[in-house]
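Asks: let's see this in three dimensions:
(chains A, B and C)
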Amino acid sequence: MTEPFFQVDGLNTWFFTRQGMVKSVRDISFDLTRGEVLGIVGESGSGKSVTGMSIMGQIDEPGRIVSGSITLNGEELTTLDFEEMRRYRGRRIAMIFQNPLMTLNPLMRVRDQMYEAIGAHEDGSRRKMHDRCIEALKAVGIPSPEERFNAYPHEMSGGMRQRVVIAIALLLGPDLIIADEPTTALDVTIQAQIIYQIRRQIDERGLGMIWITHDLSTLSELADRIMVMYAGAMMEIGTTQEIIGSARHPYTRKLLDSVPSRNTPGEKLKQIPGNMPSLLALGKGCPFASRCERATEICGEPVPATQLSGTHRIWCYHPFED
Amino acid sequence: MNEMIFEAKGLSRSFTVGGSPIREFANHFLRDRQPTVLRAVDNVSLTLREGETLGVVGESGCGKSTLARMIAGILPASSGERCFRGEAYDSFLARKRDALKIQMVFQDPLSSLNPRLRVGEIVGEAAVLHRLVPRSKAKDYVVDILARVGLPADSINRYPHQFSGGQRQRVGIARALAVKPHMLICDEAVAALDVSVQAQIINLLMDIKRDSGLAMIFISHDLGVIRHLCDRVAVMYLGRIVELAETKQLFASPTHPYTRMLLDGMPKISLQRRRFMPIQGEIPSPLHPPLGCHFHPRCQIATEHCSRVRPELRQIAPGHVHACLNIECRSALGEM
Amino acid sequence: MSRAGLKDFIGRFAESRSAVVSLAVSITFVACAIFAPLLAPTDPYDLTQLQLSDALKPTGSKRMLPGEEIRANMWVEGGSASVEPVSPAKTRLAFLTEPCAPNCLSVIVRPEDVRLASLQIRNLPAGVTVEGAKKHPIQPWWTVDTPQGSKVRLISSAPLPASFTFLAIAKSMEQETDFIFRLGTDGFGRDMLSAILYGIRISVFVGLVAAGVAMVFGTGLGLLSAWRGGVTDAIIMRAVDFMLGLPALLVGLAILAVLGNGVSKVVLAIVIVQWSYYARTARSFALSELGKEYVEAAQCLRLSPTRIMLRHVLPNCMPQIIVLFTLNIAAAISLESSLSFLGVGLPLTRPSLGMLIASGYEFIFSHKYWISIYPGVVLLVMIVAMNLLGDRLRDLNNPRLDR
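Replies: A predicted model of the protein is given here:
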């Protein structure tokens, strides 16, 4: 196994709102090797998107990265100033959002947006840029790329727009792509196509990807490793095999069990009772304890990580036995 | 066999895109410049029996939400017939208290609740106005309904934004139940929810169905949810039903190429990686659907015939209909 | 809105200091309007109190009491005199007599600190003269210009007759009072401070009523337009476009030229100008609310269209309409002032700020700046404050600007 090129260590991102301190991300640590897709899965409010935004350096007031380090190729990102971070974005790290219109300018042709993306970071002849763009569009499976190249975003379907966003992300040959729910708004047939294309690009180009989603089924088909988050904290991280095949954390198991396709049709689903606790009122212990049937008194204490295998780590006092 | 509670025959709904009175006036002179007509629902026929759950599945733009609103009686049909227990909708909807028997649960748990009203009023308003409950007993009645959907009694004084997504959806269900419906239409009722909350709501809907024997039409793009909840499933593509069968039958042996593609594309939690190339092609714009069979540009077994002839629904097994010109019966599937 | 929501709203509002200041200023103006009769030192509508001698006085000058003339017939009998009721009866001056010697009688004008312009004694019996007075060349009249201590002595070389009559006429000088015109006076001698306070009252009243009526009328039409759609919508919206295309001042002028002036007519003119803003805003927000699922839910619950529009849609459009209302009060006030300035607005007897500005206009080149400038500054501050307030409310309502 190759050395990890990207590391997040002890990341804490908190929001200092009027209502109080929201500890959206608490002590997140993980790393990533080239050619690997790490899936971050969690429900809304789990802090998975804030983790992605923290890596991109896009945490706005009243939020702040309180502690922790993020390193890419050995360089620390949390201490970069705005201008240096801007150079990093797009060039070394690219981000894909759920809504492609967050990235695409509705008033510009695809062509100009792609040229602009390249021009912001490097110089080059028009001819060369054109070839590179067409190549990027082809790589994400856009039919008749020359035609789409001159189109406006509104002339394309949602799936096509998301592909263009991915093509722009790939354009500058980044080391890392962060994708935040990129296929959630798309239809299943289109989703399957995009996942296929992305997996191929990752393998071919050997770049790292963080895929943030609430959907375990997409991850089971795409990710190499999966990290499970709940209420801002890590619950379990391991290879897809370890998480999907033999999850040890009660939350991960419950999450998997509540997916309809893993239940017998017509019978009641195995649901998780209760709601996620408010991020404003978290204790020091396991945030899932209040909904967990295995919880005991000790779950109110800070939970240490348990290394189950070389790749499988878990934060739980009462994990399931394998 | 159970009585029929709802029946639709040849139901269609078209919208005029870019049409206005002035434009229509101008069209008298510019005869070739007709406004574009969007056929959101095109000649759909289906039935629902008492106590049955019918799933309607399809991708975005297939017209399933328009169909839901026509069945709920809040959108008029351009053509076709709708009957509730044998009575045509025109006369049925005119009697407001009877019309309450059809209720709907919506997709977005936030925008489907009026943010300015307290939950007590959201749930109780219609029941009081239509004199299902006297005003003096309204509070107890609402508390009862809220308890049925698993919400505490003190919810009645709170506003929608003070609830989580799952709880809001419970309020939406309570609002529908408060007028004692016989038929419930759920339009993507669990699509906007997280997995664990989605499971809670699905279980709640199943409980309600078991307790009260409601007939349900469950509209979703999520085949997993449909498979779990529904007795029969209709698959829609660009405004038309392409296949309709018992759930077990449809998932075990889908016949229409589109259904098969949907099932293949359905993400599953499994450790087997798909390494094959998924079916290519975009969903065509509903404004300009392909002629003949709408699916033919993406279909692997399409022939030249498919681009000219519109396929009608045909029975290929008891209780199993589909609209494909090339597949005559289920045994033909083996040859593909 | 729930209590927590309200608290949060206030917190967000208070983030802008200019908004807090303008809210305070606006509240002050409304308070001025309500309590004007209590706050104003004089009643500017009471024309009997006006005196031309006070006209065009600069800031800080005192009100003058005008000079007065009284006449009284006096009977003197045995040294004591009785005074016939003075005319005019209401006067504050009075006569008194006092014997000073067997052949001397003092005639005193009360109160004693009054400075007299002259004191005249007429028709004295022969041999009696007035000390220090000039006799009329022909008539038996004695006149003292500026008598000392408002007092004259009648002296006779012989003892005074036992009884006689004479006529006394006293003229007082103009007199300063303690009343100060803090902001000067206008061309009619009106106290500008009082006039401005009453002007605020009129302007705020006209602004609130006109904007309020326009809001109710315009919002109603907007909702109707959104709900009915089709031909109704087309007719209402074309009317709106037509109204929006015409300059507000011109429409106001035209309407008042036909109707004549008066408070209710100005209100009507402003309503005709402003309803279209509300109609357009209400329609567009109602349309976006009508597209939401809770409206479909209400239809599914078979609620009547009126109930859906008034109970469900309208409350959700209200925040935007209230923002517009705040901005339109300011616009209504400035329109009313403009119309009054042009002389077609309110009647002269009920001066609004605009009319005060107009009435000072003719004096502005003779350095009588205060008549126009002070109402102008007040109007400016009021309109700026209300606009800032409206802008802040609009920002708070715009989710895109909300952090």
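Asks: now do the contacts for C:L393.
Replies: C:L393 makes contact with C:F13, C:P319, C:I322, C:V323, C:T326 under the criterion C-beta atoms under 8 Å, 6 or more residues apart in numbering or on different chains. Every C-beta, even on glycine, is put in place using the N, C-alpha and C of the backbone.
Asks: where does the fourth one sit: helix, strand or coil?
Replies: Assigned by DSSP: H, G, I helix; E, B strand; the rest coil, the conformation of C:V323 is helix.
Asks: spatially central, which residue of the chain would that be?
Replies: Going with chain A. Against the mean C-alpha coordinate of chain A, by C-alpha atoms, centre = their mean, the closest residue is A:I212 at 2.7 Å.
Asks: hm, I was asking about chain C
Replies: Note: chain C centre (C-alpha atoms, centre = their mean) maps to C:Y198, 2.4 Å.
Asks: and the helix or strand hosting that residue, what does it pack onto?
Replies: C:Y198 belongs to helix C:192-228 when assigned by DSSP states H and E. The contact analysis (3 or more C-beta pairs under 8 Å, 6 or more residues apart in numbering or on different chains; DSSP states H and E) places helix C:192-228 against helix C:17-39, helix C:230-245, helix C:263-290, helix C:314-341, helix C:353-361, helix C:370-397.
Asks: next, the angle helix C:370-397 makes with it.
Replies: 30 degrees (axes from the mean of the first three to the mean of the last three C-alpha atoms, to 10 degrees).
Asks: helix C:192-228 - what's its average pLDDT?
Replies: In this model, helix C:192-228 has a mean pLDDT of 93.
Asks: for that helix, buried residues please.
Replies: C:192-215, C:217-227 (16 or more other C-beta atoms under 10 Å in any protein chain shown).
Asks: ok, stretch C:21-40 next?
Replies: For stretch C:21-40, using 16+ other C-beta under 10 Å, the buried residues are C:S22, C:L23, C:V25, C:S26, C:F29, C:V30, C:C32, C:A33, C:A36, C:L39, C:A40.
Asks: from the chain's centre, how far out does it sit?
Replies: 13 Å (C-alpha atoms, centre = their mean, to the nearest Å).
Asks: quick one on the thing from earlier: wait, isn't the residue nearest to the centre of chain C in contact with C:D46?
Replies: No - using C-beta atoms under 8 Å, C:Y198 is not in contact with C:D46; the gap is 10.9 Å.
Asks: strands of chain A, residue ranges please.
Replies: Listed in chain order, the strands of chain A (DSSP state E) span A:6-17, A:20-32, A:37-41, A:63-72, A:75-76, A:93-96, A:176-180, A:208-213, A:225-230, A:233-239, A:306-307, A:313-314.
Asks: the stretch 101-250 of chain B now?
Replies: Secondary structure of the stretch 101-250 of chain B by DSSP state E, counting those that start in this stretch: the strands cover B:102-105, B:183-187, B:215-220, B:232-237, B:240-246.
Asks: helices of the stretch 1-150 of chain C, start to end?
Replies: C:3-13, C:17-39 (DSSP state H, counting those that start in this stretch).
Asks: so what's the closest residue to chain A within the stretch 101-250 of chain C up against?
Replies: Across the stretch 101-250 of chain C, no residue is closer to chain A than C:G229, which sits at 25.6 Å (C-beta to the nearest C-beta). By C-beta under 8 Å, 6+ apart, C:G229 lies in contact with nothing.
Asks: any idea how far chain B is from it?
Replies: 11 Å (C-beta to the nearest C-beta, to the nearest Å).
Asks: coming back round to it: now for the helices of the stretch 1-150 of chain C, which one comes closest to chain A?
Replies: Per C-beta to the nearest C-beta, nearest to chain A of those: helix C:3-13, 6.0 Å.
Asks: CA atoms only: put that closest one into CSV for me.
Replies: This file holds the C-alpha atoms of helix C:3-13, laid out as CSV (Å, rounded to 0.1, in the frame of the first residue of the first chain):
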residue,chain,number,x,y,z
ARG,C,3,-41.0,34.3,21.1
ALA,C,4,-37.6,32.8,20.2
GLY,C,5,-38.1,33.8,16.6
LEU,C,6,-39.0,37.3,17.6
LYS,C,7,-35.9,37.5,19.9
ASP,C,8,-33.7,36.3,17.1
PHE,C,9,-35.3,38.8,14.7
ILE,C,10,-34.6,41.7,17.1
GLY,C,11,-31.1,40.5,17.6
ARG,C,12,-30.5,40.4,13.8
PHE,C,13,-32.1,43.8,13.4
